[in-house]
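Asker: Build me a model:
(chains A and B)
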Amino acid sequence: MRLASSRAELDDDVEAVSAWFHERGHTDGLPIVPPTERRVRAMLAGTARTPDASLGVVAPTGHACTVEKLAINAVMAGCRPDYMPVLVAAIEAMTQPQWMLGSMQSTTNPLTPMLIVNGPVRTRLGIHGGAGAMGPGWRANATIGRAIRLVLLNVGGAVPGDVDKCTQGFVGKYGLCVAENEEESPWPPLHVARGFEPSDDVVTVVGVNASTNVHDSSDRWEDLIKTLTASLVSPGTANVVDPHSTPVLAVNPLHARILAEAGFTRERLQRHVFEHCRIRPEDLSGRRTVLRVGEHGLEHFAVDGMIPFTNRPELTQVVVLGSLAGGHSCYLPNGHFGHAASRRIDAAPPRIEP
Amino acid sequence: MPSVVLITRAFERLADVVSNGSRLPSLHRHVLPHPLNPLPDERVAAILREALPSIVRRLVAGAAA
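Answerer: Sure, this is the predicted structure:
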């Protein structure tokens, strides 16, 4: 197996290698696992794809993300080789032109790709969807999300402040990968709602802003749904200015159970959000109104005189996430770019020696 | 097609990367002051009026090339 990437001779020392990569702008500021040829070859054994195969063009540099480049960044992030098929599918999803990766890479908006993994691969790889899934402590979540961010930096050229014009940034830009908590969800999994079979392994990638916590410990669905819908929409939220946006509503299993017992399916929840999360046109500032309507008049998007959260109910991506421990759900807005895209994950390759 | 890209100063480096990535490294560009966003509309219009002769010169140069 021939590798094409250039080599650098460095001391066999994590600190020295991390410093060398950091000085050249190739890290997220954290130490890296040195991407030696041995480690990169071992990483490549995690996929049946050939090293020179392109998974897509990463904007704004326009460079192809080959399997080899992905493997190098996966090593740097601390991934295991068997994570490679998830990474391959995520890059393929994000580099579809309609995902508008170039805009996401350079926007002043604090956007990052959120990976939501469904199917049996979650348990096989230990991708966590339970307690604290969006926080620290889960190797697969942390390193898969980090590897994607390193690809966006090192292949796509999204150097913070220079090309990535994100105004303030947020911690999700270190990496954001979760599994749906299918086991504790009262609803069919997200990937089934998006047209896949339950046995499929699928990654759904959505460009999201930071999460807003929605806390309600009520056991009454009427109170809960009122809190949820009131918390999701405000004049400054990203999706208000994009009618095609695909925000993520991450419902914890407790909230999901209360809603399901009251007869809420995922589709009914999406419709409820669509019908109740609306903003008065006069609450949008002039410039945000221009962003929203473009060449159309504001009335083009209004329903009964109010501006809906999204154009269609099904655009809100409802995912069950977290534990039964408390009454905390969250909402992650989605703006102009990175609308939800799903991709089937390759089966693991037969075990081969690197 | 003759084209000029308008950018503000803060986005120059991004413009370099995007034009190179789009295989259009010689794309004409006009750099405006930054930031424009907090300025009143009348001030933004005045800045653009001031920039117009230079933009037209670049467009014409592009058409001639």
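Asker: So which elements touch the strand or helix carrying residue A:214?
Answerer: In the assignment (DSSP states H and E), residue A:214 maps to strand A:212-215. Here strand A:212-215 touches helix A:221-232, strand A:328-332, going by 3 or more Cβ pairs under 8 Å, 6 or more residues apart in numbering or on different chains; DSSP states H and E. For glycine as for every other residue, the C-beta is placed from the backbone atoms N, C-alpha and C.
Asker: Chain B: which of the ones you listed is closest?
Answerer: Closest of these to chain B is strand A:328-332, at 24.8 Å (criterion: Cβ to the nearest Cβ).
Asker: Contacts only, for the residue lying closest to residue A:330 once chain neighbours are set aside.
Answerer: Leaving aside its sequence neighbours, residue A:330 sits nearest to residue A:211 (Cβ to Cβ, 6 or more residues apart in numbering or on different chains; 4.1 Å). Neighbour list for residue A:211: A:134, A:172, A:250, A:330-332 [criterion: Cβ atoms under 8 Å, 6 or more residues apart in numbering or on different chains].
Asker: Can you pick out the most distant pair from those?
Answerer: A:172 and A:331 (13.4 Å; Cβ to Cβ).
Asker: for the closest residue to chain B within chain A, what are its contacts?
Answerer: As assessed by Cβ to the nearest Cβ, chain B sits closest to residue A:62 within chain A, at 3.3 Å. The contact partners of residue A:62, by Cβ under 8 Å, 6+ apart, come to B:20-23.
Asker: on that earlier part again, more crowded one of residue A:172 and residue A:331?
Answerer: Using other Cβ atoms under 10 Å in any protein chain shown as the criterion, residue A:172 and residue A:331 rank with residue A:331 on top: 24 against 20.
Asker: What helices and strands are in contact with the top helix by length along chain B?
Answerer: Assignment by DSSP state H gives helix B:41-64 as the longest helix of chain B. Applying 3+ Cβ pairs under 8 Å, 6+ apart, we find helix B:41-64 packed against strand B:4-8, strand B:28-32.
Asker: residues making contact with the last one?
Answerer: When contacts are defined by Cβ under 8 Å, 6+ apart, strand B:28-32 is touched by residues B:3-9, B:12, B:15, B:19, B:47-48, B:51, B:54-55, B:58-59, B:61-62.
Asker: For that strand, give the mean pLDDT please.
Answerer: Averaging pLDDT along strand B:28-32 gives 93.
Asker: okay, and for chain A, where does confidence drop off?
Answerer: A:241, A:286-301, A:351-354 (pLDDT under 70).
Asker: Quick check: bridge partners of the residue nearest the centre of it?
Answerer: Centroid check for chain A by Cα atoms, centre = their mean gives residue A:114 as the closest residue, at 1.0 Å. On the basis of DSSP bridges, residue A:114 is bridged to residue A:206.
Asker: list the contacts for the residue of chain B found nearest chain A?
Answerer: Chain A sits closest to residue B:21 of chain B, with a gap of 3.3 Å, by Cβ to the nearest Cβ. Going by Cβ under 8 Å, 6+ apart, residue B:21 touches A:59-63, A:102, A:157.
Asker: now do 10 Å
Answerer: Shown in contact with residue B:21 (Cβ atoms under 10 Å, 6 or more residues apart in numbering or on different chains): A:57-63, A:102, A:156-157, A:163.
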